[in-house]
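>>> Here you go, sequence then predicted model.
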Amino acid sequence: MLARVFLGGVTAAAGPIVASLVGDWFAPSERGRIYGYVISGELVGAAIGFSVTGGIATLSWRAAFVILALPAFVLAWLVFQLPEPARGGTSPLLSGTSPPPTADAGDASGDQTTDAQLLAREHGLEPDPELVLTQDPRHMGLLAATRYVLSIKTNVAIILASAGGYYFLSGVQTFGVEFVTKQYGIAQALSTLVLLVVGAAGVVGVLAGGALGDFLLHRGYLNGRILVSAIAAAAAVVLFVPAIFTRSPLAALPYISVAALALSAQNPPIDAARLDIVHPLLWGRAEAIRTFLRTLAQAFAPLLFGAVSDYVFGGGRSGLQWTFALMLLPLAASAYFLFKALRTYPRDVATASASASAGFAT
C-alpha cells in the first residue's frame with residue numbers, strides 16, 4: 001500500500017510539471033504535437049510495464065519492482081542534465097519542423113504570445129475585463145489561484161471534459177479484459193491481444209490529434225484545437241455503441257480500435273489549448289487543479305462500474321454490457337462541454353493575452 005501511495009504522489013506531480021515544461025520549452029505552434037509525444041510515451045510505457053513485469057512477477061514480485069525501478073535512475077540522471085528553461089515560453093527550443101517565432105510573438109517584458117493569442121488579436125477579440133490579471137500571479141495563494149483558474153469558463157469546460165473522458169477510460173482499464181472475454185466469448189490471452197491492438201490505436205490517436213490541432217491553428221482557425229477534441233469525443237461515443245452491443249469479436253474490433261483512437265485523440269489538443277487560456281505563471285497550478293479533479297473521477301470509476309454492473313444490472317455479461325452503455329453518458333457529456341467551449345475559448349485566449357501583457361516578469 002505504501003508503494004502505491006508513493007507511486008500515486010509521483011504520478012500526480014508529473015502532470016503540473018509536464019504542463020509547465022511543455023509551455024516553457026516548446027514553441028506554442030507545436031505544443032499539441034509535443035503533448036501527443038508525451039501521452040504516447042505514457043501509453044507505450046504502460047504497455048511495456050504490463051507485458052514485461054507480468055511474466056516476471058510470476059517468478060518474483062520483488063524482481064518485477066526492481067526491473068521497473070531501474071529505468072527511473074537513468075531517467076533521473078537525464079533530468080538533472082537538462083537546463084532550467086526560461087519561464088513563460090520566452091526562449092523555446094526550436095525544432096527543424098516548427099516554424100520560427102513571429103516578430104511580434106513577444107513584447108518588451110519578454111512575455112511569449114502564443115499563436116492562438118496572436119490570432120485573437122488579429123480578430124479584434126476583446127478580453128474579459130474582470131479576468132485580466134492586475135496582480136503578479138506569483139503572489140497569489142493557492143486558494144486565490146484556484147478561484148481564478150476556475151473562473152475561466154473554457155478551463156472549467158476542459159476540466160469537466162477531461163474528467164468524463166478519463167472516468168470512462170479508467171473503467172475500460174479495470175473491466176476491459178473481463179468485458180472482452182465475456183462479451184465476445186474469447187480466451188483471456190486473446191482478449192489481452194485485442195486490448196494491445198486497441199492500445200496501439202490509442203497511440204495513433206494521440207499523435208494524430210495533437211498534430212491535427214496544431215495544423216488547424218497554423219491555418220488560422222483559432223478554435224482548431226478545441227474543435228478536434230470535441231469531434232473526437234463525439235466520435236468516440238458513437239463508435240463505442242456498436243462495439244458494446246455486438247457479440248462478434250471480428251465485427252467489434254474495428255469499432256473498438258477507432259473509438260479508442262478518437263478517445264485518445266482529444267487529449268493533446270485540449271492540453272495544448274489550456275496553455276493558451278492561462279497566464280504562464282499559473283500553468284503548473286492550473287494543471288494541478290485539473291489533475292486533482294480528474295483523478296477523483298478516475299478513482300471513483302472502478303467502484304461505480306462494478307457497483308452498477310452487479311447491483312443495478314444484475315452482474316455477469318449482460319450487467320457489464322449495460323454498464324458500459326450507461327457509462328457512455330459521461331463520455332457524451334465530455335463532448336458536450338468541448339462543443340460548448342468553442343464559444344468561450346476565443347475570448348478566454350484574448351483575456352490570457354491581455355494578462356500576459358500586463359508586465360509581470362516571468
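Perfect, I can see it now.

>>> Okay, strands next: where are they in the stretch 151-300 of the chain?
Here the stretch 151-300 of the chain has no strands by DSSP state E, counting those that start in this stretch.

>>> How much space separates the residue nearest to the spatial centre of the chain from residue 128?
Per Cα atoms, centre = their mean, the C-alpha nearest to the average position across the chain is that of residue 267, at 3.7 Å. Distance, residue 267 to residue 128, using Cβ to Cβ, to the nearest Å: 26 Å. The way it works is simple: take the backbone N, C-alpha and C, and place the C-beta from them, glycine included.

>>> what's the answer for residue 138, then?
Going from residue 138 to residue 128 by Cβ to Cβ gives 22 Å.

>>> Then residue 59?
Residue 59 is 60 Å from residue 128, by Cβ to Cβ.

>>> more crowded one of those two?
residue 128 (15 against 9; other Cβ atoms under 10 Å).

>>> sec struct for the more buried one, please.
When classified by DSSP: H, G, I helix; E, B strand; the rest coil, residue 128 comes out as coil.

>>> Report how many residues lie close to the nearest residue to it once chain neighbours are set aside.
Leaving aside its sequence neighbours, residue 128 sits nearest to residue 351 (Cβ to Cβ, 6 or more residues apart in numbering; 4.8 Å). Residues lying near residue 351 (other Cβ under 10 Å) number 26.

>>> can you check the one 4 residues further on too?
For residue 355, the number of neighbouring residues by other Cβ under 10 Å comes to 23.

>>> now for the strand or helix carrying it, which elements pack on it?
In this structure, residue 355 sits in helix 328-356 according to DSSP states H and E. Applying 3 or more Cβ pairs under 8 Å, 6 or more residues apart in numbering; DSSP states H and E, one finds that helix 328-356 contacts helix 115-122, helix 153-184, helix 224-245, helix 267-276.

>>> got the angle between that helix and helix 153-184?
150 degrees (axes from the mean of the first three to the mean of the last three Cα atoms, to 10 degrees).

>>> returning to that earlier point: residue 35 is in contact with the residue nearest to the centre of the chain, correct?
Yes - if you go by Cβ atoms under 8 Å, residue 267 and residue 35 touch, sitting 7.3 Å apart.

>>> Show me whatever sits in contact with both of these two.
Listed as contacting both residue 267 and residue 35 by Cβ atoms under 8 Å, 6 or more residues apart in numbering are residue 206.

>>> Phi first, then psi, for residue 26.
Main-chain torsions, residue 26, degrees, to the nearest 10: phi -120, psi 150.

>>> Number of residues surrounding residue 276?
Residue 276: 26 neighbours (other Cβ under 10 Å).

>>> Need the per-residue pLDDT for it.
For residue 276, the model assigns a pLDDT of 92.

>>> thought it was touching residue 29?
No - look at residue 276 against residue 29 with Cβ under 8 Å: they stay out of range, at 11.3 Å.

>>> Counting neighbours, what do you get for residue 223?
Residue 223: 20 neighbours (other Cβ under 10 Å).

>>> right, and it touches residue 344 too?
No - using Cβ under 8 Å, residue 223 is not in contact with residue 344; the gap is 10.3 Å.

>>> picking up where we left off before, and the helix holding residue 355, how far out from the chain middle?
Relative to its chain's centre, helix 328-356 lies at 14 Å (Cα atoms, centre = their mean, to the nearest Å).
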